[in-house]
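Colleague: Structure for this input, please:
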Amino acid sequence: MMVTTGQPSPATRIGLSDTRLDTDEIVTGALDDLTTAPGWHRPILLDRDLLVLVTHGHGTAELDFRAVPCRPGTLLRARPGQALRCLGQQLDATVVSWGPDALRGLDVDPDAVPAHRQLTGEDADAVISEVSQLAVDADRHALVPAAAALLRHQLAVLLLRLSLLPRGEEGPPPGAEAVTFRRLCREVERGYRQTRRVEDYAAQLGCSVRTLTRACLAVTGRSAKQVIDERVALQACRLLAATDDPIARIGRLLGFPEPTNFGRFFTREVGVSPGAFRAAREQPLPVRLVRPRPPADSPAPAGRA
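Modeller: Numbering: from 1, shown residues only. Below is the predicted model:
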């Protein structure tokens with residue numbers, strides 16, 4: 001059973017996917033608490049930050065349409081807005097979920113946590129112990145108001161420990177270009193529904209188009225225009241896979257008044273039409289012919305290009 005830091009009665013406790021959760025609540029639960037439909041027939045869109053620690057079984061997690069092999073000790077860090085699906089016979093995991101205000105005032109950066117790690121040795125022992133203790137305390141003190149502070153600090157310690165794990169090839173590139181790239185990603189996240197023009201983002205950041213392109217090439221090997229378009233394509237994939245919104249409406253939400261323009265854009269970026277992508281959304285990733293590239297602001301899972 002999932003638990004929260006608030007004080008609902010046991011009969012009215014709410015699930016990990018429940019939108020009534022407060023923005024400062026920390027929730028622990030099981031993998032199946034994330035979805036109301038058994039079997040994970042298609043991805044879900046996350047509305048909270050998550051840590052997923054696999055405790056039993058083998059399978060695959062699909063995070064923003066990238067397959068991550070899962071076995072005991074696999075750790076996933078997922079963000080609000082990402083598309084997630086977990087597949088595997090008897091794949092069990094402990095899930096820690098928190099709202100945007102849960103860590104307010106604490107000196108911790110959740111985005112410093114790697115998106116995917118296979119924990120081993122002392123790292124695995126320490127993380128498993130802290131996740132287990134957090135879950136136990138959340139359950140034991142679910143109706144105690146003072147427990148909220150305890151869980152906040154436990155979560156902060158856990159995230160700090162995870163941020164110190166060796167990053168390997170995911171290490172951030174040094175220099176001013178990495179800073180420029182991160183600034184661009186923040187602006188794109190705010191504005192990709194309104195504009196895909198590099199010139200607009202250069203004006204917002206007070207730099208030249210050449211500076212943005214140089215920064216993107218240095219960090220990702222792709223141009224600024226490609227980075228922007230990939231973010232739009234990713235959002236289209238998320239909405240096509242996890243919602244039943246009409247394709248034309250999704251196109252309009254992303255700045256394409258004409259469905260034909262959206263269709264051409266999506267096909268160019270992803271390799272299949274929006275309709276074909278939606279039709280394949282219940283298929284596991286290994287049988288899909290084409291997958292979108294990762295967003296500019298999300299590191300690729302380890303072992304994936």
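
Colleague: Check Thr23 and give its pLDDT.
Modeller: Each residue has a pLDDT score; the one for Thr23 is 75.

Colleague: can you pull out the helices in the stretch 151-300 of the chain?
Modeller: Listed in chain order, the helices of the stretch 151-300 of the chain (DSSP state H, counting those that start in this stretch) span 176-191, 198-205, 209-220, 224-242, 247-253, 259-270, 274-279.

Colleague: just those: most buried one?
Modeller: helix 224-242 (a mean of 22; mean count of other CB atoms under 10 Å). Backbone N, C-alpha and C define where each C-beta goes, glycine included.

Colleague: ok, back up a step: the helices of the stretch 151-300 of the chain: which one's closest to Gly73?
Modeller: Distances from Gly73 to each of the helices of the stretch 151-300 of the chain were compared by CB to CB, and the smallest falls on helix 224-242, at 27.5 Å.

Colleague: Output the contacting helices and strands for the closest one.
Modeller: Taking 3 or more CB pairs under 8 Å, 6 or more residues apart in numbering; DSSP states H and E as contact, the helices and strands that helix 224-242 lies on are strand 44-45, strand 83-87, helix 176-191, helix 198-205, helix 209-220, helix 247-253, helix 259-270, helix 274-279.

Colleague: Using CSV, lay out those together with mean pLDDT and distance to Ser129.
Modeller: Conversion of these to CSV gives the following (pLDDT from 0 to 100; distance: least, CB to CB, whole Å):
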stretch, mean pLDDT, distance to Ser129
strand 44-45, 94, 29
strand 83-87, 92, 23
helix 176-191, 94, 33
helix 198-205, 97, 43
helix 209-220, 96, 35
helix 247-253, 97, 43
helix 259-270, 96, 42
helix 274-279, 95, 41
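
Colleague: Ala241 is nearest to which of these?
Modeller: Using CB to CB as the criterion, the shortest distance between Ala241 and these is 5.9 Å, found for strand 83-87.

Colleague: Show me what the closest one packs onto, helices and strands only.
Modeller: Strand 83-87 makes packing contacts with strand 44-45, strand 59-63, helix 224-242 when contacts are defined by 3+ CB pairs under 8 Å, 6+ apart.

Colleague: tilt between it and helix 224-242?
Modeller: Taking axes from the mean of the first three to the mean of the last three CA atoms, to 10 degrees, one finds that strand 83-87 is oriented at 50 degrees with respect to helix 224-242.

Colleague: Direction included, what does strand 83-87 pair up with?
Modeller: According to DSSP bridges, the neighbouring strands of strand 83-87, each with its direction, are strand 44-45 (antiparallel), strand 59-63 (antiparallel).

Colleague: right, so those: which one is the most enclosed?
Modeller: Neighbour counts averaged per stretch over the strands paired with strand 83-87 are highest for strand 59-63, at a mean of 22; criterion: mean count of other CB under 10 Å.

Colleague: pLDDT of that one, averaged?
Modeller: In the prediction, strand 59-63 has an average pLDDT of 93.

Colleague: Now do the helix or strand following that strand against strand 83-87, angle only.
Modeller: Heading C-terminal from strand 59-63, the first helix or strand you meet, by DSSP states H and E, is strand 66-70. Between the direction of strand 66-70 and that of strand 83-87, the angle (the same axes, to 10 degrees) works out to 40 degrees.

Colleague: Report the backbone C-alpha coordinates of strand 66-70 in CSV.
Modeller: Listed next in CSV are the C-alpha coordinates belonging to strand 66-70 (Å, rounded to 0.1, in the frame of the first residue of the first chain):
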residue,chain,number,x,y,z
ARG,A,66,14.0,4.8,-24.7
ALA,A,67,14.2,1.3,-23.5
VAL,A,68,16.1,0.7,-20.2
PRO,A,69,16.7,-2.9,-19.1
CYS,A,70,15.6,-3.4,-15.5
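
Colleague: Sort out which residues of it are buried, please.
Modeller: Of all the residues in strand 66-70, those buried under the rule 16 or more other CB atoms under 10 Å are 66-68, 70.

Colleague: Between those residues, which sits nearest Ala178?
Modeller: Ala178 lies nearest to Arg66 out of the buried residues of strand 66-70, by CB to CB, at 22.0 Å.

Colleague: Who's the closest spatial neighbour of Asp123, skipping the chain neighbours?
Modeller: The spatial neighbour of Asp123 that comes closest, neighbours along the chain excluded (CB to CB, 6 or more residues apart in numbering), is Leu165 at 6.1 Å.

Colleague: Quick check: the gap between that neighbour and Leu75.
Modeller: When CB to CB, to the nearest Å is applied, the distance between Leu165 and Leu75 equals 9 Å.

Colleague: Which one's more surrounded, these two?
Modeller: Neighbours were counted for Leu165 and for Leu75 using other CB atoms under 10 Å; Leu75 has more, 24 against 15.

Colleague: Great, nothing more from me.
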